[in-house]
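Peer 1: Build me a model:
(one chain, ligands or ions: 1)
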Amino acid sequence: SIGPPNGPLSRILDELHARFGPTTDGQVASYIPELASADPTLFGLALTTMDGFGYASGAAATEFTIQSVSKPFVYALALADRGMDEVLSRVGVEPTGDAFNAITLEPDTGRPLNPMVNAGALLVSSLVDGATAADRFERIRGWLSAFAGRELRVDEKVFRSEQLTGDRNRAIAYLMRNAGALSGDVDEICSVYFRQCAVMVTCEDLATMAATLANGGVNPLTRRRVLSDELVGRVLTVMTTCGMYDHAGEWMLRVGVPAKSGVAGGICAVLPGQLGIGTFSPALDATGHSVRGVLACNELSTRFGLHLLRTA
Ligand code: GLN
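Peer 2: Residues are numbered from 1 along each chain as shown. I've put the predicted structure just below:
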């Protein structure tokens, strides 16, 4: 049980911050040039509970780009727009055991393996309803904002930086289109996806976004329903099996809750019915996850017995 603000939970976040802050492991992402200038020592931790209490420590007000943490939320939007059967026919739900940017597609069909890797996320983003690419993006931005409970904006520098250098994602999109899996203009689809990745959040926003999923789709701060219960279950399922890419198995073994990470250093983790966790620290491990974020989630899970499959 979690307790009121300034109670033991705040002290524990401060303690985790002090304990893992000094770590020098990991490197900031540099394949998107604009991300290379991030300060690797930044570290923020936040929790949002079902009754709308927020707890934070460290760089909790620092904005960074959401990157791949957007993927489960935009998957939810595509499910809401198109229904599960149509989305499943276009994007699988099998874990890859591969890196987030792997050029791995189903043989023959070109269908991406799951919505958490780049291939699947590009396809999912193309399935969002909207008359134009700008409309699709505006719906995505509004949707992410509803989860966060405030208007989120785009970091145009990070967007442009990825737009100028994102040839690997463009290549994946062309392969999917060549196989007949993706339809539409590749440059437009990539631009919407890059903009989606460049939406700015804080770790407090990620905690609230996670808490909205934990709370069955109702944002615990605004009290607005963002997503149906049924779709929350589907999104959490895919986060559980695929959210942490080639670290998904070990993450479930150690931490045991659905989560998603991004290359700017964000992690959001969901404890259904209880709380949302958001962490931010830009230094990444070899699988592209925030070093301090993984350490902090591990410790929180151990300390509070958060593993969903524990029996005692
Ligand atoms: N925009 C990034 C990319 O497509 C997102 C990757 C990530 O956060 N893992 O490469």
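Peer 1: any idea how far the residue lying closest to residue 308 once chain neighbours are set aside is from residue 82?
Peer 2: Leaving out its chain neighbours, the residue that sits closest to residue 308 by C-beta to C-beta, 6 or more residues apart in numbering is residue 256, at 5.3 Å. C-beta here means a position set from N, CA and C on the backbone, and glycine is covered the same way. The spacing between residue 256 and residue 82, counted by C-beta to C-beta, to the nearest Å, is 31 Å.
Peer 1: out of those two, which sits in the more crowded spot?
Peer 2: Each of residue 256 and residue 82 has its neighbours counted (other C-beta atoms under 10 Å); residue 256 has more, 21 against 17.
Peer 1: for residue 152, phi and psi?
Peer 2: Reported as degrees, to the nearest 10, the phi and psi values for residue 152 are phi -100, psi 150.
Peer 1: Tell me how far residue 49 lies from residue 218.
Peer 2: When C-beta to C-beta is the yardstick, residue 49 and residue 218 sit 13 Å from each other.
Peer 1: ok, the two, which is more surrounded?
Peer 2: Set side by side, residue 49 and residue 218 show more neighbours around residue 49, with 23 against 18, by other C-beta under 10 Å.
Peer 1: who's in contact with the more buried one?
Peer 2: Under the criterion of C-beta atoms under 8 Å, 6 or more residues apart in numbering, the contact partners of residue 49 comprise 2, 55, 211, 220, 274-275.
Peer 1: Most neighbours of all the residues you listed, which one?
Peer 2: Of all these, residue 211 has the most neighbours under the rule other C-beta under 10 Å, reaching 32 neighbours.
Peer 1: Filter the contacts of residue 49 down to the ones in helices?
Peer 2: In this view, the contacts of residue 49 that belong to helices under DSSP state H are residue 211.
Peer 1: can you redo the contacts of residue 49 as CSV with distance to residue 92 and pLDDT?
Peer 2: As requested, the contacts of residue 49 are exported to CSV (distance: C-beta to C-beta, whole Å; pLDDT from 0 to 100):
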residue, distance to residue 92, pLDDT
2, 36, 46
55, 37, 94
211, 28, 98
220, 32, 97
274, 30, 95
275, 30, 95
